[in-house]
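Student: I need the structure of the sequence given here:
(2 chains)
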Amino acid sequence: MSKENSKIKVRFAPSPTGIPHIGNTRTAFFNFLFAKHNKGEFILRIEDTDRKRLVEGAEDAILEILDWLGIKYEGEILHQSERTEIYKEHARKLLNLGVAYEKEGAVWVKVPDEKDFEWEDLVGNKKIKFSGKDVEDFVVLKSDGFPTYHLANVIDDHLMEITHVIRGEEWISSTPKHLFLYESLGWETPRFAHLPVILGTDKTKLSKRHGAKSALDYRAEGFVKEALLNFMALLGWNPGGDKEQMSVEEMENLFKIEDVNTANPVFDTTKLEWLNGLWIRTLNDEKKLKERLEEFYKGNKKVEEVLKSEKSCDLVNAASSRMRTLKDFEKLVSKEKDREMTNDEKEISLKLQQFLTEKLEEKWEDEKLLETLREFSKSNDVSFKVLFFLMTGKEKGIGILELNGIYGKDFFLNNLKG
RNA sequence: GCCGCGUUCGUCUAGUGGCCUAGGACAUCGGGUUCUCAUCCCGAAAAUCAGGGGUUCAACUCCCCUACGCGGUACCA
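Tutor: Presented below is the predicted three-dimensional model:
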């Protein structure tokens, strides 16, 4: 390792050809964790050299995702489309070197058959070998004057002094081309780490085809960033112990690229949902849940009102253990009834109403209320499940005693009226 | 086809030659706590470590072969 003394520097280099799905975002996160763990630098480079596939708004989405997740990059964002002169110059150099040739207005590179390539990949700590005869000739400068990934990537990584290239494993078979370019230009090669691609539940590469979602989609569904980050990291990486819930800070401390798995993980959201619930409870303990809800429900008048109310803290607290996503909050705190009462239930409700007003004082005390409900349940042979519905208008949800503290008896009496 | 990478419970994984008759988590099922539902707590079921050969006193761990999966094979990234 010749870079021991130089500062570690990595980059995330997406191409704005669409909104990156969770797999691409994970690559950014791993780069970020690696940089943080090694007190290095993490930068962002937009690889917008394919002018035909550019998608409007894709770059904004990339930035928004990184911003939301707190994956901070250092320095200016670099756009490859603004650096075409540099790439052209190097293409000329390759031509002069005799490594490249021109054909149909494009510059191609030929890798000699007898050349062998080998590198030590950090993921799995294994040697990967390729023979030059298996590497096809490839274009470095397209006829439209823009470079291909291979050229621009190598040049920029060198110029920006990138020490570690952490990218998806779909790049493994292109790496010999990159190695050849580094060698031809007389440059030192960075170290490589190829992350296994994430598979969908059908075990093929996660893609838009699967309806692979972006971090923004998950945000809209009520996932918190802590859970998403935690889950992405656990897909293919594990610090070695039994630890499951980890904050970004903990992950930064524990992250080692060597610990990344070599097999392709399947993306299954079941565990993400559990983690989200776990993080929601954690955020509640840390008194941060309310502000997350405020953020999430911006523009939703009804919920905004609830969050502004005097008792909002108690409501958030009571709801927290019953949420799997932030979206669940709305239903939990809504005063709308799940359904109408049946005729039988109406009868019981009337009875209960009388019973409660007879037995209880002006102000309903928790213990007394519970006792009275028990008594009613027993003497009338009505299950608590039914009582809960009559009292709250809901099949399930925030507890009666919790609601008693928040809304008081009028809330219940109102529900009992049907 | 060719080249490359992979293969431990349904899923995420622990495991780097003896501690493994394979551990944890999610999901599932059962039970407890309990005002519903959750949370929380306990327990069960779930992997002949892809299959076959080696190497070794000893292999999930090392080597080889096969099968299967994934990736690449574009003037896309």
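Student: domain ranges for chain A?
Tutor: Taking automatic domain parsing as the reference, chain A has its domains at A:9-76+A:197-259, A:80-195, A:288-330, A:343-416.
Student: In a markdown table, list those domains along with distance to RNA strand B, mean neighbour count and mean pLDDT.
Tutor: Where you see a C-beta, it was placed from the backbone N, CA and C, and this is true even at glycine. Shown next, in a markdown table, are the domains of chain A (distance: least, CB to the nearest atom of the strand, whole Å; neighbours: other CB atoms under 10 Å; pLDDT from 0 to 100):
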| stretch | distance to RNA strand B | mean neighbour count | mean pLDDT |
| --- | --- | --- | --- |
| domain A:9-76+A:197-259 | 2 | 18 | 94 |
| domain A:80-195 | 3 | 17 | 96 |
| domain A:288-330 | 4 | 17 | 97 |
| domain A:343-416 | 3 | 15 | 94 |
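Student: Same list (those domains) but as TSV, adding distance to A:F267.
Tutor: Listed next are these as TSV, based on distance: least, CB to CB, whole Å:
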stretch	distance to A:F267
domain A:9-76+A:197-259	5
domain A:80-195	14
domain A:288-330	17
domain A:343-416	30
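Student: Chain A: strands as residue ranges?
Tutor: With DSSP state E as the criterion, chain A has strands at A:9-12, A:41-46, A:78-79, A:100-103, A:106-109, A:116-121, A:126-131, A:138-141, A:164-168, A:191-195.
Student: now the helices for the stretch 201-350 of chain A?
Tutor: Ranges of helices within the stretch 201-350 of chain A are A:215-220, A:225-234, A:248-254, A:269-285, A:289-296, A:301-308, A:312-320, A:328-333, A:343-359, based on DSSP state H, counting those that start in this stretch.
Student: Could you list every helix and strand in contact with the fifth one?
Tutor: When you say that, I think you mean helix A:289-296. The contact analysis (3 or more CB pairs under 8 Å, 6 or more residues apart in numbering; DSSP states H and E) places helix A:289-296 against helix A:269-285, helix A:301-308, helix A:312-320.
Student: As CSV, these with distance to A:L234 would be great.
Tutor: Shown next, in CSV, are the helices and strands packed on helix A:289-296 (distance: least, CB to CB, whole Å):
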stretch, distance to A:L234
helix A:269-285, 8
helix A:301-308, 31
helix A:312-320, 23
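Student: and A:G418, which of the ones you listed is closest to it?
Tutor: Evaluated over the helices and strands packed on helix A:289-296, closeness to A:G418 peaks at helix A:301-308, with 22.3 Å, by CB to CB.
Student: now that closest one and helix A:312-320, what's the angle there?
Tutor: 110 degrees (axes from the mean of the first three to the mean of the last three CA atoms, to 10 degrees).
Student: which residues sit against helix A:301-308?
Tutor: With contacts defined as CB atoms under 8 Å, 6 or more residues apart in numbering, helix A:301-308 is touched by A:290, A:293-294, A:297-298, A:312, A:315-316, A:329-330, A:333-334.
Student: isn't A:M341 right up against A:L352?
Tutor: No: the criterion here is CB atoms under 8 Å, and A:M341 misses it with A:L352 at 11.4 Å.
Student: hey, what's in contact with both of the two?
Tutor: Counting by CB under 8 Å, 6+ apart, the shared contacts of A:M341 and A:L352 are A:L390.
Student: Centre of the chain to stretch A:356-365, how far?
Tutor: Chain-centre distance of stretch A:356-365: 50 Å, with CA atoms, centre = their mean, to the nearest Å.
Student: distance between the ends of that stretch?
Tutor: In stretch A:356-365, first residue to last residue: 12 Å (CA to CA, to the nearest Å).
Student: For that stretch, give me every contacting residue.
Tutor: Contact with stretch A:356-365 is made by A:368-369, A:372, A:375-376, A:404, A:408-409, A:412-413, A:416, as judged by CB under 8 Å, 6+ apart.
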